[in-house]
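Q: missing the sequence, but the structure's below:
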């Protein structure tokens, strides 16, 4: 067998990558306030006010990010989007660094950076604060540190490898998919010899140590995340066939880049120059198999795409030498990326977006089992929250003073409760309660409130079981929101049949 070629010294870093990263950051900041706050951002801000080592539906990092954003930028949903934009810029730089590690010069580095910056999935992922915005950057950094340790002999790289993996696990547990795939890549190549040294185990130990507080929280609270995952899989998430999965993957990462990322994986697997990095090609294939066979969603793959783009860019640079050919590749990528960008970030006003999406033949969609309105869910969930909070405030202000002192605001889901907690302080509202996910664990109000209930989004019949008097005082009106958040009734409930503490266990809603 021919010995693996030694990795060549890495080429100089391309200055153009920093320009692409800066433009990426600027794009997200420029459109951060175009629509409104996203439903999940409301929830993460509420979680940030109840810092813990875990939550029903996510690990703690996103709550820490929300809390940090609030401390830095105040009660601004635009401020919430600075850290995701920074993650996008970091992902762009790391994709270029991976291409450089593979031997890519300026063209390859720039192509990898631009491919990540313009992929619709990456644009949507980094537009607002979520668990997912950390993963492309973190997984890329983990792949880079693993390669430096295994291929370049930088054994100290196992320490930052463990740190970024641990932080990624605290962002989202699906990092376990990446970890499992990386293990497959190492075991199926000669790099498995490194498992006889302490470096990989040190990295694994650091990652496990960082995750340990979250595991301890899960155990102490009865593993609520497992209950949430079972409910979401059974009741909320839309099942996808393999064909639908592949189609969505191609669209979400720009169809014209399919030869780039797929070719990059093949290059890692078969090219002699890439043989030292073959374990990363196997990692991508294993990750794909885990997500597909585990009935995951296409966006679960996002963290692996900077690696595939980087490998494809390095391969194309070695195959396409003429400047006109390289310029054509960049032009096609830029034009198609710009054409698809309005589907992922709010570059257009809602009516213009509907016309544009209709012209492209793209119908509103969601990964969840919901009836759709005129906007896709990632946009629809940015409409109507402040208006909802103002309607709730009017209902609260209309109460007599003695009832306001006793009134509790109950949201049927964390979006409705979260909008009260986000916009409510400026409107004079008390904190909201809900039985949805982490809100349930925070419990009923502890300040004597409860005899009067302002209920948002609940069924009248259910409310009448607990209160003698139930009056609908208003309802939401936001045509661009998801249909289940448009026309939501707001009730004022009086004369409770039982205390809110007694009925609290029945409000639990983990999904």
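A: Done, it's in. Not measured: the values here are computed from a predicted model.
Q: show me the shaky parts of this structure.
A: Within the chain, the ranges that satisfy pLDDT under 70 run 1-8, 368-369.
Q: could you measure the residue positioned nearest the centre of the chain against residue 258, distance?
A: Central residue of the chain (Cα atoms, centre = their mean): residue 132, 2.4 Å from the mean position. Here the criterion is Cβ to Cβ, to the nearest Å. By it, residue 132 lies 21 Å from residue 258. C-beta coordinates here come from the backbone N, C-alpha and C atoms, glycine included.
Q: same check on residue 101?
A: 23 Å.
Q: ok, residue 225 next?
A: Following Cβ to Cβ, the distance that separates residue 225 from residue 258 is 34 Å.
Q: next, the buried residues of stretch 452-462.
A: Within stretch 452-462, the residues scored as buried using 16 or more other Cβ atoms under 10 Å are 452, 453, 454, 455, 456, 457, 458.
Q: need the max-distance pair from those.
A: 452 and 457 (17.5 Å; Cβ to Cβ).
Q: please compute how far stretch 181-197 lies from its chain's middle.
A: Relative to its parent chain, stretch 181-197 has a centroid offset of 29 Å by Cα atoms, centre = their mean, to the nearest Å.
Q: quick check: end-to-end length of that stretch?
A: Distance between the two ends of stretch 181-197: 20 Å, counting by Cα to Cα, to the nearest Å.
Q: contacts for it, please.
A: Outside of stretch 181-197, the residues within contact range by Cβ atoms under 8 Å, 6 or more residues apart in numbering are 4, 142-143, 146, 149-151, 155, 200-201, 278-284, 286-287, 290, 304.
Q: residue 259: neighbour count?
A: One way to gauge burial is a neighbour count; for residue 259, by other Cβ atoms under 10 Å, it gives 12.
Q: and what of the one 3 residues further on?
A: Residue 262 has 14 neighbours, counted by other Cβ under 10 Å.
Q: check the secondary structure at it for me.
A: Counting by DSSP: H, G, I helix; E, B strand; the rest coil, the backbone at residue 262 sits in helix.
Q: quick one: contacts for it?
A: Residues 308, 312 are the ones in contact with residue 262 under the rule Cβ under 8 Å, 6+ apart.
Q: strands of the chain, start to end?
A: According to DSSP state E, the chain carries its strands in the segments 407-411, 432-434, 452-456, 467-475, 489-496.
Q: would you turn the ones you listed into JSON lines with distance to residue 178?
A: JSON lines is the format used below for the strands of the chain (distance: least, Cβ to Cβ, whole Å):
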{"stretch": "strand 407-411", "distance to residue 178": "34"}
{"stretch": "strand 432-434", "distance to residue 178": "32"}
{"stretch": "strand 452-456", "distance to residue 178": "38"}
{"stretch": "strand 467-475", "distance to residue 178": "44"}
{"stretch": "strand 489-496", "distance to residue 178": "43"}
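Q: out of those strands, nearest to residue 214?
A: strand 432-434 (22.5 Å).
Q: contacts for the closest one?
A: Surrounding strand 432-434, the residues in contact under the criterion Cβ under 8 Å, 6+ apart are 408-414, 416-418, 420-421, 424, 439-440, 442-445, 507, 509.
Q: among the residues you listed, which ones are buried?
A: If you count burial by 16+ other Cβ under 10 Å, the buried members of the contacts of strand 432-434 come out as 408-414, 416-418, 420-421, 424, 439-440, 442, 444-445, 507, 509.
Q: chain neighbours aside, what residue packs nearest to residue 315?
A: residue 267 (3.8 Å; Cβ to Cβ, 6 or more residues apart in numbering).
Q: same question for residue 415.
A: Nearest non-adjacent residue to residue 415, counting by Cβ to Cβ, 6+ apart: residue 39, 4.1 Å away.
Q: neighbour-wise, which of residue 225 and residue 258 wins?
A: Between residue 225 and residue 258, residue 225 has the larger neighbour count (other Cβ under 10 Å), namely 20 against 15.
Q: gap between that one and residue 306?
A: Residue 225 sits 27 Å away from residue 306, going by Cβ to Cβ.
Q: how about residue 203?
A: Here the distance between residue 203 and residue 306 works out to 20 Å (Cβ to Cβ).
Q: try residue 294
A: Note on residue 294: its distance to residue 306, by Cβ to Cβ, is 22 Å.
Q: distance of residue 226 relative to residue 173?
A: For residue 226, the distance to residue 173 equals 10 Å [Cβ to Cβ].
Q: likewise for residue 204?
A: Here the criterion is Cβ to Cβ. By it, residue 204 lies 16 Å from residue 173.
Q: cool, and residue 468?
A: Counting by Cβ to Cβ, the separation of residue 468 from residue 173 is 44 Å.
Q: more neighbours: those two, which one.
A: Taking residue 468 and residue 173 together and counting by other Cβ under 10 Å, residue 173 has the greater number of neighbours (17 against 10).
Q: count of neighbours near the residue nearest to that one when sequence neighbours are not counted?
A: If you skip the residues right next to it in sequence, residue 173 has residue 59 as its closest partner in space, 6.5 Å away by Cβ to Cβ, 6+ apart. Counted with other Cβ under 10 Å, the neighbours of residue 59 add up to 26.
Q: quick one, what contacts residue 59?
A: Counting by Cβ under 8 Å, 6+ apart, residue 59 touches 131, 169, 170, 171, 172, 173, 211, 214.
Q: which among those residues gets closest to residue 113?
A: With Cβ to Cβ as the yardstick, the closest approach to residue 113 among the contacts of residue 59 comes from residue 171, at 22.3 Å.
Q: ok so, going back, what subset of the contacts of stretch 181-197 is buried?
A: Neighbour-count burial within the contacts of stretch 181-197 applies to 4, 142-143, 146, 149-151, 155, 200, 278-284, 286-287, 290, 304; the criterion is 16+ other Cβ under 10 Å.
Q: how about residue 339, what does it touch?
A: For residue 339, counting by Cβ under 8 Å, 6+ apart, the contacting residues are residue 360.
Q: that one and residue 155, how far apart?
A: Going from residue 339 to residue 155 by Cβ to Cβ gives 46 Å.
Q: equivalent analysis for residue 191, please.
A: From residue 191 across to residue 155, the span is 13 Å (Cβ to Cβ).
Q: residue 461 too?
A: Using Cβ to Cβ, we find residue 461 at a distance of 65 Å from residue 155.
Q: repeat for residue 120
A: If you go by Cβ to Cβ, the gap between residue 120 and residue 155 works out to 39 Å.
Q: also residue 257?
A: Residue 257 sits 35 Å away from residue 155, taking Cβ to Cβ as the criterion.
Q: before we move on, back to that, tell me which of residue 203 and residue 306 has more neighbours.
A: Remark: of residue 203 and residue 306, residue 306 carries more neighbours, 32 against 24, as counted by other Cβ under 10 Å.
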